[in-house]
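Enquirer: fold the following and give me the result.
(one chain, ligands or ions: 2)
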Amino acid sequence: MDTLLEVRDLQTHFFMAEGVAKAVDHTTFSIRRGQVLGVVGESGCGKSVTARSIMRMVRPPGHTVDGEILYSRPDQNGQSASIDLLQLSATGTEMRAIRGGEIAMIFQEPRASLSPVHRIGDQITENILLHQAVSRLEAEEIAVDMLRQVHIPMAEQRLDAFAHQLSGGMCQRVMIAMALSCHPSLLIADEPTTALDVTTEAQILELMQGLQADLDMAIMFITHDLGVVADMADEVAVMYLGKVVEQGAAADIFRDPKHPYTIALLESLPRLDQKRDWLQTIRGVVPDPYSTLNGCPFHTRCADFIEGVCDEIVPEPITLEDNREVRCLLYTEHARQERPPVAEDSSHS
Ligand SMILES: Nc1ncnc2c1ncn2[C@@H]1O[C@H](COP(=O)(O)OP(=O)(O)OP(=O)(O)O)[C@@H](O)[C@H]1O
Ligand SMILES: [Mg+2]
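Expert: Ligands and ions are numbered 1, 2, ... in the order given. Coordinates of the predicted model:
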């Protein structure tokens with residue numbers, strides 16, 4: 001299956017009076033056409049900033065300072081051609097055509113992302129007119145159709161509403177309708193169901209899955225909820241302190257996580273088949289992004305920490321047997337010299 005988006009060594013920093021926060025720090029991952037990539041990791045690990053970097057929507061004091069965001073699309077001859085989004089002007093015509101059209105995003109706070117002074121209908125219609133060669137009347141028809149698809153009751157009347165007149169769940173649906181109205185190749189959904197009740201959440205997830213299959217759209221699904229990832233994702237990328245520390249097929253990662261951080265994340269999940277009085281938590285806290293840790297960024301919390309290795313050498317991504325990308329020194333020669341091989345037989349289930 002072909003790669004739709006390949007992010008290589010992405011670095012987005014915030015230049016603050018306190019220092020430089022490396023929110024996204026040499027992040028590398030890829031998304032395949034038509035597939036769902038679940039992106040997980042604790043709060044503050046750089047998930048939203050990565051998403052905004054792809055959309056070229058990072059605002060000062062944040063800047064994407066280096067890396068590549070290779071986006072693959074058919075050229076005039078129908079051949080797949082790759083462009084580096086970082087080489088485009090963030091406000092230029094080409095990026096504006098891609099943003100909201102070919103790559104669309106549902107933001108973490110939908111109400112804050114909708115304009116408070118424009119009617120819902122106008123916001124969706126303008127986006128359609130920007131990206132599709134249709135008349136205003138046709139654009140309005142598409143808008144109503146999209147609102148119906150996201151199960152907004154009385155869709156036609158809702159076109160005249162303002163964001164503040166809608167509930168949080170309705171705003172989420174409007175954002176989804178707007179994002180999907182131009183049939184993007186990639187939908188970036190940043191915690192699309194936070195602050196929703198479980199029934200609405202289930203409906204929205206089902207809706208996204210349905211549309212994903214119908215439109216052959218890829219989704220970068222950012223969430224804290226590993227249960228949702230297990231349900232929706234084909235692939236998983238695990239982020240820690242601005243880096244993707246593990247990426248692979250969702251089934252493989254849940255069955256046999258390789259990175260100690262992924263192992264710890266999965267162990268912190270509540271499970272029905274284990275009677276525990278308490279939930280396992282990951283020891284320690286995420287270091288602040290201004291810190292300049294030597295070696296592996298996870299070494300301060302890692303259960304398998306090797307002194308003199310993990311606190312000294314920066315791990316590079318390596319590919320393991322099932323096409324798993326892992327950034328961990330335990331799988332390298334450095335660790336083998338210190339300890340016998342690990343994890344070949346590890347079953348953490
Ligand atoms: N506007 C900003 N100004 C300064 N620093 C910022 C800003 N936005 C993000 N950061 C920095 O980037 C880091 C990553 O933030 P990000 O929003 O990407 O985290 P996240 O993984 O999406 O977290 P959450 O799960 O809570 O949404 C933060 O820890 C913070 O240090
Ligand atoms: Mg976020």
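Enquirer: and residue 137, how many neighbours?
Expert: Neighbour count of residue 137, defined by other Cβ atoms under 10 Å: 9. No exception for glycine: its C-beta is placed from N, CA and C like everyone else's.
Enquirer: can you list contacts of the worst-scoring helix or strand of the chain on mean pLDDT?
Expert: Lowest on mean pLDDT, DSSP states H and E among the helices and strands of the chain sits helix 110-113, with a mean of 78. The contact list for helix 110-113, computed with Cβ atoms under 8 Å, 6 or more residues apart in numbering, reads 107, 163-164, 168, 171-172, 174-175.
Enquirer: quick one: buried ones out of these?
Expert: 107, 163, 171-172, 174-175 (16 or more other Cβ atoms under 10 Å).
Enquirer: any chance of these in CSV, with pLDDT, distance to residue 259 and secondary structure too?
Expert: As requested, those are exported to CSV (pLDDT from 0 to 100; distance: Cβ to Cβ, whole Å; DSSP: H, G, I helix; E, B strand; the rest coil):
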residue, pLDDT, distance to residue 259, secondary structure
107, 87, 28, coil
163, 92, 40, helix
171, 89, 36, helix
172, 85, 31, helix
174, 91, 37, helix
175, 90, 32, helix
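Enquirer: which of those sits closest to ligand 1?
Expert: For the buried ones among the contacts of helix 110-113, the closest approach to ligand 1 (Cβ to the nearest ligand atom) belongs to residue 107, at 10.7 Å.
Enquirer: that closest one touches residue 174, doesn't it?
Expert: No: taking Cβ atoms under 8 Å as the definition, residue 107 is not a contact partner of residue 174, at 11.7 Å.
Enquirer: grab the longest helix from this protein for me.
Expert: helix 198-215 (DSSP state H).
Enquirer: residue 68: what secondary structure?
Expert: Assigned by DSSP: H, G, I helix; E, B strand; the rest coil, the conformation of residue 68 is strand.
Enquirer: that one: neighbour count?
Expert: The burial count for residue 68: 16, using other Cβ under 10 Å.
Enquirer: residues in contact with the closest residue to residue 90 other than its chain neighbours?
Expert: Counting by Cβ to Cβ, 6 or more residues apart in numbering, the nearest residue to residue 90 once its immediate chain neighbours are dropped is residue 56, at 4.0 Å. Residue 56 is in contact with 64, 85-86, 88, 90, 95, 99, counting by Cβ under 8 Å, 6+ apart.
Enquirer: helices along the chain, start to end?
Expert: 47-54, 93-98, 110-113, 120-131, 136-149, 155-158, 168-180, 198-215, 226-232, 250-255, 260-267, 333-338.
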